[in-house]
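Asks: My questions are about this predicted structure, shown below with the sequence.
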Amino acid sequence: MENLTARTPEMEDALHAIERLVLFALRKALIKEADYDYSRNLLLEDFGFSEPYNGQVNEEILDGPQSQLDILIDYAAANGMIAENTDTYRDLLDAKMMGRLMARPSEVVHAFSQTEQMHGIEAATNDFYKLCIDSNYIRMDRVAKNEYWKHPSAYGDIEITINLSKPEKSPKEIAMAKLLPPPVYPKCQLCRENVGYAGRVNHPARQNLRVIPLELNKEKWFFQYSPYVYYNEHCIVFQHDHVPMKLTKDTLARLLGFVNAYPHYFLGSNADLPIVGGSILTHDHFQGGRHTFPIQNAPKVAGFKNEVYPDVSVSIVNWPMSVIRLSSNDSGMLLECANHIYESWKSYSDPSADIEADSKVDGQWIRHNTVTPIARRNAEDVYEMDLVLRNNRTNDEYPEGIFHPHREMHHIKKENIGLIEVMGLAILPGRLKLELDQISDILSGDDALYEAVQSEGHTLAIHRDWIEQLKERVGATITKGEAVDLIRSEVGGIFTTILEQAGVYKHTAEGREAFCRFLESTGYSAV
């Protein structure tokens, strides 16, 4: 414990920060009046203090807890309470402190249920989302740093973001993580056991995580928000147990069940195959939220009908990827129709369009066709489901994937095109913030940097060909502002092209004919 007669200014600042944090938690209803002294005492113990701050507390209302958390984490770093003063270790302590200032999981679940019963599901999610922000589980200070702009395209406005909200690990931390054994508990970052978990160098702390149980298709699932919120109220719905993703009729039923219970949210699933699937295929989950994605505004370009499903409207929409849109007031019939199309697509081949349903690898038949499904209630409160056709084949020309970002695009993005990007929101790597800014410097006259790029190993070397194309197109030196605008437009165009490359049917007469051929083969006729 500290020497009470010799408190340093740093100790006083830390003690004052504890008082301000507890007051913040009370004001934001993270704790109740009866929890006030208890919560303060927990933090005092964590930092080795035996008595609280005895001066005048600044009661100015805080926008968020981060400023006071940083004071305490700085104190911890200076006094050897964390291994290293890096984002990873700071975040471990950050989550621990906020976990001290929150209701227990059962109390959060009870409050959600009470609000839903009294005021409806939208009010319940509003309160829960606010809780996740106030508790610093969602780091809005980091989210605010993300770059965002819209790119006008032939398919409508495409949204572009450079993700800066997810902290990057230092080379030392990455090396340390590689030396650790494979995770046993929790098995992954989506497991329910993450709630309250202290974390480690290769797994984030989750003491301030809270989840809401829900039932989908008579199964146990959970609802939570993403800590990185790539869009408004970005939520994750995950299986009670650690089971791998598998896209079946049950998957489609769960999506429709969710939007029936949460009509103000959409819900979608990544595809269930490598290359075209999401980043976590080991734990079945969905992503949803309250955001109007560009894909939703894509107009219909062709309509179809099937007498077996008379109450379901089926159409192809104008989108860079290959999208079949179903809509109906009857969610049960829509489910049957969607599953019929999905099952038909899984076994469909059309060599003339470079589509093969499966292939033999080492004596085993490997399936290639799947879908990325997205469910929502539209403005007229009609059930709507987009089935985005996917295929994960590779060949000698495209070893990373035929319907995947091609190599000339990898300097901007080479990762899988998952659910969020399918819908028209690019999640680009954080490295691009500095790289694009430096390229704009080159276009606005930084000749020394341009010369440096010619050397091997320079961080901009991956963009060398693109830089040459941009310089040739621009000709004379332009202003920095003009360069920034040009590069943003170019990046938007590149991402749009990436989506086209990921589309199984191309936007040509032949591609449209092949797309219609698939629907006709499954019993649908044009209207």
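Replies: Done, it's in. Numbers count the residues shown, from 1 in each chain.
Asks: residues near Val195, how many?
Replies: Residues lying near Val195 (other Cβ atoms under 10 Å) number 18. In this view, the C-beta of every residue, glycine as well, is placed from N, C-alpha and C.
Asks: ok, now how distant is the nearest residue to it once chain neighbours are set aside from Thr115?
Replies: Among residues not flanking Val195 along the chain, Leu209 sits closest, at 5.2 Å (Cβ to Cβ, 6 or more residues apart in numbering). Distance from Leu209 to Thr115, counting by Cβ to Cβ, to the nearest Å: 19 Å.
Asks: ok, now Val388?
Replies: 34 Å.
Asks: the more surrounded of these two?
Replies: Applying other Cβ under 10 Å to Val388 and Thr115 shows that Val388 carries more neighbours, namely 26 against 18.
Asks: Give me the three-state assignment for that one.
Replies: What DSSP: H, G, I helix; E, B strand; the rest coil gives for Val388 is strand.
Asks: let's have the chain start at 299 instead
Replies: In the new numbering, first residue 299, that becomes Val686.
Asks: so what's it closest to, chain neighbours aside?
Replies: Nearest residue to Val686, sequence neighbours excluded (Cβ to Cβ, 6+ apart): Thr670, at 4.1 Å.
Asks: and the one you found, what element?
Replies: strand 667-675 (DSSP states H and E).
Asks: Can you give the distance of that strand from its chain's centre?
Replies: Mean C-alpha position of strand 667-675 versus that of the full chain (Cα atoms, centre = their mean, to the nearest Å) differs by 16 Å.
Asks: now that strand: mean pLDDT?
Replies: Per-residue pLDDT values over strand 667-675 give a mean of 97.
Asks: Equivalent analysis for stretch 633-643, please.
Replies: The average pLDDT within stretch 633-643 is 98.
Asks: That one: which residues count as buried?
Replies: For stretch 633-643, burial by neighbour count (16 or more other Cβ atoms under 10 Å) applies to Leu633, Cys635, Ala636, Asn637, His638, Ile639, Tyr640, Ser642, Trp643.
Asks: Show me the helices in the stretch 299-448 of the chain, by range?
Replies: Ranges of helices in the stretch 299-448 of the chain, per DSSP state H, counting those that start in this stretch, are 307-325, 334-344, 364-376, 385-398, 403-417, 419-432, 438-441.
Asks: for the second one, packing partners?
Replies: It stands for helix 334-344. helix 307-325, helix 385-398 (3 or more Cβ pairs under 8 Å, 6 or more residues apart in numbering; DSSP states H and E).
Asks: rewinding a little: need phi/psi at the residue nearest to Val493.
Replies: The phi/psi pair for Leu507 (degrees, to the nearest 10) reads phi -90, psi 130.
Asks: Columns distance to Lys330 and secondary structure on top of the buried residues of stretch 633-643, output as CSV?
Replies: Listed next are these as CSV, based on distance: Cβ to Cβ, whole Å; DSSP: H, G, I helix; E, B strand; the rest coil:
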residue, distance to Lys330, secondary structure
Leu633, 44, helix
Cys635, 50, helix
Ala636, 46, helix
Asn637, 48, helix
His638, 52, helix
Ile639, 51, helix
Tyr640, 48, helix
Ser642, 56, helix
Trp643, 53, helix
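Asks: Starting from Gly779, give me the distance back to Ser742.
Replies: Distance of Ser742 to Gly779, computed by Cβ to Cβ: 9 Å.
Asks: who has more neighbours, those two?
Replies: Using other Cβ under 10 Å as the criterion, Ser742 and Gly779 rank with Ser742 on top: 16 against 10.
Asks: Return the residues in contact with that one.
Replies: Thr775, Ile776, Thr777, Lys778, Glu780, Ala781 (Cβ atoms under 8 Å, 6 or more residues apart in numbering).
Asks: From one end of stretch 752-761 to the other, what's the distance?
Replies: Length of stretch 752-761, first residue to last, Cα to Cα, to the nearest Å: 10 Å.
Asks: can you list contacts of that stretch?
Replies: The contact list for stretch 752-761 (Cβ under 8 Å, 6+ apart) reads His708, His709, Arg729, Leu732, Glu733, Gln736, Ile737, Leu747, Ala750, Val751, Arg762, Ile765.
Asks: ok, back up a step: would you agree the residue nearest to Val686 is in contact with Arg688?
Replies: Yes - if you go by Cβ atoms under 8 Å, Thr670 and Arg688 touch, sitting 5.8 Å apart.
Asks: who touches both of these two?
Replies: Shared contacts of Thr670 and Arg688, counting by Cβ under 8 Å, 6+ apart, come down to Ala569, Val574.
Asks: Can I get the helices and strands packed on helix 334-344 in CSV including mean neighbour count and mean pLDDT?
Replies: Shown next, in CSV, are these (neighbours: other Cβ atoms under 10 Å; pLDDT from 0 to 100):
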stretch, mean neighbour count, mean pLDDT
helix 307-325, 20, 97
helix 385-398, 21, 96
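Asks: Tabulate the ones you listed in JSON lines, adding columns for distance to Gln537.
Replies: As requested, the helices and strands packed on helix 334-344 are exported to JSON lines (distance: least, Cβ to Cβ, whole Å):
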{"stretch": "helix 307-325", "distance to Gln537": "32"}
{"stretch": "helix 385-398", "distance to Gln537": "23"}
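Asks: quick one: which of those is nearest Asn444?
Replies: Minimum separation from Asn444 across the helices and strands packed on helix 334-344 (Cβ to Cβ) falls at helix 385-398, 16.0 Å.
Asks: The closest one versus helix 364-376: what angle between them?
Replies: Using axes from the mean of the first three to the mean of the last three Cα atoms, to 10 degrees, one finds that helix 385-398 and helix 364-376 are set 120 degrees apart in direction.
Asks: Which residues does helix 385-398 contact?
Replies: In contact with helix 385-398 (Cβ under 8 Å, 6+ apart) are residues 319, 337, 340-341, 344, 363, 367, 370-371, 374-375, 379-381, 433-435, 465-468, 471, 494, 496-499, 502-506.
Asks: are any of those buried, and which?
Replies: Buried, going by 16+ other Cβ under 10 Å: 319, 337, 340-341, 344, 363, 367, 370-371, 374-375, 380, 433-435, 465, 471, 494, 497, 499, 502-506, out of those.
Asks: quick one: low-confidence parts of the stretch 549-698 of the chain?
Replies: For the stretch 549-698 of the chain, no stretch has pLDDT under 70.
Asks: do the stretch 349-498 of the chain as well
Replies: In the stretch 349-498 of the chain (pLDDT under 70), the answer is 465-469, 471-472, 474-476.
Asks: number of nearby residues for the closest residue to Val441 other than its chain neighbours?
Replies: Leaving aside its chain neighbours, Val441 sits nearest to Ser463 (4.6 Å; criterion: Cβ to Cβ, 6+ apart). By the criterion of other Cβ under 10 Å, Ser463 has 20 neighbours.
Asks: what's Ser463 in contact with, if anything?
Replies: Neighbour list for Ser463: Arg437, Arg440, Val441, Lys443, Asn444, Tyr526, Val527 [criterion: Cβ under 8 Å, 6+ apart].
Asks: Secondary structure of it: a helix, I assume?
Replies: No - assigned with three-state DSSP, Ser463 falls outside any helix and is coil.
Asks: how close does it sit to Tyr446?
Replies: In terms of Cβ to Cβ, Ser463 sits 11 Å off from Tyr446.
Asks: which neighbours do the two share?
Replies: By Cβ under 8 Å, 6+ apart, no residue touches both Ser463 and Tyr446.
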